[in-house]
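*Asks:* Just to be clear, the model below is a prediction. Sequence and coordinates:
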Amino acid sequence: MARKFQPRMATGNDLFEGDVVYFTSAGCWSRDIADAALALNQEAADDLLTRASAFPNQVVGVYVVEAAIDDRGRAAPAHFREEFRTRGPSNYPEHGRQAEKILMYRYNEFDQAFVRERVAEFRDQVERRIDGSLTEGEFLPLRLRNGLYLQLHAYMLRIAIPYGTLDSRKMRQLAMIADRWDKGYGHFTTRQNIQFNWPKLRDVPDILDALADVGMHAIQTSGNTIRNVTADHFAGAAADEIADPRATAELLRQWSTDHPEFQYLGRKFKIGVTGSAHDRAATKTHDIGLRLVRSSDGLPGYEVSVGGGLGRTPILAKVIREFLPKADLIPYCEAILQVYNLTGRRDNKYKARIKILVHEIGLDAFREQVEARFAEKRAAWPGVNPALLAEIEASFAPPAFEAPGEGAPVLSAGLRSFVDTNVTAHKLPHYAIVTVSLKAIGATPGDATAAQMRVLADLAEEFAHDELRISHEQNVVLPHVPRRHLAAIYARLKEAGLATANVGLVSDIIACPGMDYCALATARSIPVAQQIAETFADLDRQRDIGPLKIKISGCINACGHHHVGHIGILGLDRAGVENYQITLGGDATELAAIGDKTGPGFAYDEVVPAVERLIEAYLDLRTEPGETFIETFRRVGMAPFKAALYEEARSDAA
């Protein structure tokens, strides 16, 4: 007996708008899935794909997907991924296309000319793609070099925020872009970037020009090159800091941008820098991690780690040099990259990261090759131009801090809660570091509306020396706030919906966009984060639970850093059904650890109850209220948590 053939339909994305479209029986494309032509046997499916692929200058990413037939005989999605493509992201369903002065580095003349030339070059490439002079295959690497992806519903533009530092002018420009060319919001990422999810292809060059107006760009936010260099979001303000790491990050940015040797690496390459013993930059998850240290003689330099990365093969970076003098930074990093570029694997993209090379040949063998190459480079290295180095260092001098004034302000109950969770000690006692949570209960982690961006810009300009930071934990930081302004800042944040007092607590969840947006995702992340936050919405309960890092990824690429979450959640596709794997014990700090898998995964509607069982187990296991989740896990191990997770689940089901 012949197997019944699954109905299929052809789909893709409109070249110009990025909209999801469907091939119809009339031989044209429609945004309405009900118009889709259905193929009922293999021969018809092959013919459908052939006819649908004949429009390369109208539609990109054409493929045939399994369909269902509704009770009116029309096409409908058969897979949950296609449901999201049809109706739009679940966090903003109305956004579905089918549902109709400060001291910081300023670009010099060379930087400005370089960025403008890149914009003009890309504008020409977009025009040639639109008129058909470039095929999609030819255009793909060009758009990726400029941070432009094609996601589930539309194009996505990723913009670099080097080492996470912004001023009010830049933030207001991002707000303008969100309003004018997107849907009124942006998404801040774990790489200290911002993503806009709905730009039209023809508008992207205008967006890039607007970014260039304020010294921003999207260069090297994608592709197999050196990505945005990240740094500690408390840089220049933290009391435990040896030195501000942003000067190092800026030097690396200038060296790596459009570096002719490193534009076509085996895979993407990430560098993170911290200036403190306490690692707030997750440096051990980077291809190169740098920590500012001092030698026994008091000389400044770096501890250099290499070979970190998450994804399908999570590995923590290993120390390759305990002390590297500051003057040797560029030739040493160049030596690492040259060894990787020449000897790293290119036969398999999943094994082309530097972490695989270091793992396969061993750290000692890798170090030997790097040191040999470094010796050659150092001998010929003239050093960084002293004038340039002085310019960079001066760009990160502290602002003109206020002199100490009267005592700390009287705190209301609401402000006290905010200060307890969202305010960190500054290196000056009459100042504070304020972290603004982008994790309001039930909101999308990392999202900020254009109106909220403008509020943050205003607060920075009025009260905080005109400086903002984006953290790898998807929050916004005001690094230099005189304590006398805390009440005024809190009142303005509360009015804007930005005063959630949950930084570091159970609802301060890191989450990637997941299948609500990302074409690579295999399950949703955002709704899981929202449901967990809503379950633990009571802030008194959150404070009783204490510090807890929950991190969620929608696929094995691990953009949500789930491997280094105290509780990590990975969404997978198991036979067309969302399934969530849980890990415990991960850590992204100086005590970095990869979390251990608990066991079998959980269905979508089982994830939140599973997290509840884990937290209840922790509360029963901790020895005192001050013992955190991760401390308890390290003390007692996996067994009692696993028992609570699975034995109680079986008991509940019985």
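*Replies:* Noted; the coordinates are in hand.
*Asks:* how near is the nearest residue to residue 367 once chain neighbours are set aside to residue 561?
*Replies:* Leaving aside its sequence neighbours, residue 367 sits nearest to residue 320 (Cβ to Cβ, 6 or more residues apart in numbering; 5.2 Å). The way it works is simple: take the backbone N, C-alpha and C, and place the C-beta from them, glycine included. Residue 320 sits 23 Å away from residue 561, going by Cβ to Cβ, to the nearest Å.
*Asks:* picking up where we left off before, thought the residue nearest to residue 367 was touching residue 365?
*Replies:* No: between residue 320 and residue 365 there is no contact under Cβ atoms under 8 Å: 11.4 Å.
*Asks:* quick one: which of these two has more around it?
*Replies:* Higher neighbour count among residue 320 and residue 365: residue 320, with 22 against 12, using other Cβ atoms under 10 Å.
*Asks:* In terms of helices and strands, where is the more buried one?
*Replies:* strand 318-325 (DSSP states H and E).
*Asks:* Can you mark which positions in that strand are buried?
*Replies:* 318, 320, 321, 324 (16 or more other Cβ atoms under 10 Å).
*Asks:* Pick out the most distant pair among these.
*Replies:* Farthest pair in the buried residues of strand 318-325 (Cβ to Cβ) is 318 and 324. Separation: 14.6 Å.
*Asks:* on that earlier part again, what pairs with the strand holding residue 320, parallel or antiparallel?
*Replies:* strand 300-306 (antiparallel) (DSSP bridges).
*Asks:* all strands of the stretch 551-654 of the chain, in order?
*Replies:* Remark: strands assigned in the stretch 551-654 of the chain by DSSP state E, counting those that start in this stretch are 567-574, 577-584, 596-597, 602-603.
*Asks:* Return the most buried member of those.
*Replies:* strand 567-574 (a mean of 24; mean count of other Cβ atoms under 10 Å).
*Asks:* any idea of the mean pLDDT for that one?
*Replies:* For strand 567-574, the mean per-residue pLDDT is 97.
*Asks:* again, but for stretch 371-386
*Replies:* 94.
*Asks:* Sort out which residues of that stretch are buried, please.
*Replies:* For stretch 371-386, by 16+ other Cβ under 10 Å, it's 373, 374, 377, 384.
*Asks:* Between the residues you listed, which sits nearest residue 62?
*Replies:* When those are compared against residue 62 (criterion: Cβ to Cβ), the nearest one is residue 373, at 45.1 Å.
*Asks:* in a helix, that's where that closest one is, yeah?
*Replies:* Yes: using DSSP: H, G, I helix; E, B strand; the rest coil, the assignment for residue 373 is a helix.
*Asks:* Quickly find the element holding the residue nearest to it when sequence neighbours are not counted.
*Replies:* Excluding the flanking residues, the one nearest residue 373 by Cβ to Cβ, 6+ apart is residue 335, at 4.1 Å. Secondary structure from DSSP H and E places residue 335 in helix 329-343.
*Asks:* Does anything pack onto the helix or strand following that helix? Which helices or strands?
*Replies:* Sequence-wise, the next helix or strand downstream of helix 329-343 (DSSP H and E) is helix 354-361. Counting contacts by 3 or more Cβ pairs under 8 Å, 6 or more residues apart in numbering; DSSP states H and E, helix 354-361 packs against helix 329-343.
*Asks:* and the angle from the helix it packs on to helix 354-361?
*Replies:* Here the directions of helix 329-343 and helix 354-361 differ by 70 degrees (axes from the mean of the first three to the mean of the last three Cα atoms, to 10 degrees).
*Asks:* Average the pLDDT values over helix 329-343 and round to the nearest integer.
*Replies:* The model assigns helix 329-343 a mean pLDDT of 97.
*Asks:* for that helix, packing partners?
*Replies:* In terms of contacts (3+ Cβ pairs under 8 Å, 6+ apart), helix 329-343 is packed against helix 246-256, strand 288-294, strand 300-306, strand 318-325, helix 354-361, helix 363-380.
*Asks:* Pull the residues that contact it.
*Replies:* Here helix 329-343 makes contact (Cβ atoms under 8 Å, 6 or more residues apart in numbering) with 226, 248, 251-252, 255, 261-262, 265-266, 269, 271, 288, 290, 302, 304, 306, 320-321, 324, 354, 357, 361, 366, 369-371, 373-374, 377-378, 381, 384.
*Asks:* in it, what counts as buried?
*Replies:* Residues of helix 329-343 classed as buried: 329-341 (neighbour count, 16+ other Cβ under 10 Å).
*Asks:* and if you look at stretch 553-564?
*Replies:* 553, 554, 555, 556, 558, 559, 560, 561, 562, 563, 564.
*Asks:* Could you pull up phi and psi at the nearest residue to residue 551 once chain neighbours are set aside?
*Replies:* Using Cβ to Cβ, 6+ apart and skipping residues adjacent in sequence, the residue nearest residue 551 is residue 565, 3.2 Å away. Main-chain torsions, residue 565, degrees, to the nearest 10: phi -90, psi 150.
*Asks:* Repeat that for residue 202.
*Replies:* The phi/psi pair for residue 202 (degrees, to the nearest 10) is phi -70, psi -20.
*Asks:* Low-confidence ranges, the stretch 551-654 of the chain, go.
*Replies:* Within the stretch 551-654 of the chain, the set of residues satisfying pLDDT under 70 comprises 648-654.
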